[in-house]
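Trainee: sequence unknown, structure follows:
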């Protein structure tokens, strides 16, 4: 059973008298443990596809199956549970609470799902250690660099041990050196068995993935598997 399967996914927006087709019949399969990059220019539909995969939006037409469950049949509570436990989100904007410590920011998904305080603290500390921020857990976002703030966001996405890590332009606000550090961290997470799906318009970022999907005008234009010796994340 595939982790993710979409069948003829369409997403259409009504803009006044005009219909805008953000996605036009996208069918794809992603297996557990894959590292997939979704590329495309602005307006191509790549972020729309990520929002559907992340259960942040619903398709106009077609089927989306996650772990064998048809997503359209799930109720709001079940969808919220999937977003909280099955999927970890990392965005270009870090979305951290400015007055909260790194530790508290990472604890937030656990607070929402009712994890007891002691267990919550232990899980958040472990997630911060995984991204090499154990010594910064009591710092607030204003006391951290851009790269460190993104690491906190990644720790928050990982704290529930999700099936999938979804990253939307995860290095968009970072300089090239820090971007490479963050992508090395994502590479390590993939080696540990995490399923990674990243949305980017940068070839250098997509080059870390095993597989690159190019989206153009709402459709998959190419689906390329990248040999290991051609990946940016390979350490020589």
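Mentor: That came in fine, so what should we check first? All of these numbers come straight from a predicted model, not from anything done at the bench.

Trainee: Report the mean confidence score over the host helix or strand of residue 129.
Mentor: For residue 129, the enclosing helix or strand under DSSP states H and E is helix 117-130. Helix 117-130 carries an average pLDDT of 95.

Trainee: Which other helices and strands does that helix contact?
Mentor: With contacts taken as 3 or more CB pairs under 8 Å, 6 or more residues apart in numbering; DSSP states H and E, helix 117-130 sits against helix 102-112, helix 146-158. Every C-beta, even on glycine, is put in place using the N, C-alpha and C of the backbone.

Trainee: Go through the longest helix along the chain and flag the buried ones.
Mentor: Counting by DSSP state H, the longest helix found in the chain is helix 176-191. The neighbour-count check on helix 176-191 (16 or more other CB atoms under 10 Å) flags 178-183, 185-187, 189-190 as buried.

Trainee: And stretch 6-23, by the same measure?
Mentor: In stretch 6-23, counting by 16+ other CB under 10 Å, buried: 6, 9, 11, 21-23.

Trainee: now do stretch 62-76
Mentor: Neighbour-count burial for stretch 62-76 flags 62, 64-66, 71 (criterion: 16+ other CB under 10 Å).

Trainee: residues in contact with the spatially most central residue of the chain?
Mentor: Nearest residue to the geometric centre of the chain (CA atoms, centre = their mean): residue 166, 1.0 Å. Contacts of residue 166 were listed using CB atoms under 8 Å, 6 or more residues apart in numbering, and they are 50, 53-54, 87-90, 197-199.

Trainee: Let's see the pLDDT reported for it.
Mentor: Residue 166 is assigned 95 on the pLDDT scale.

Trainee: a strand runs through it, doesn't it?
Mentor: Yes - assigned with DSSP: H, G, I helix; E, B strand; the rest coil, residue 166 falls within a strand.

Trainee: For it, give the beta-bridge partners.
Mentor: residue 89, residue 197 (DSSP bridges).

Trainee: quick one: it from residue 18, how far?
Mentor: 29 Å (CB to CB, to the nearest Å).
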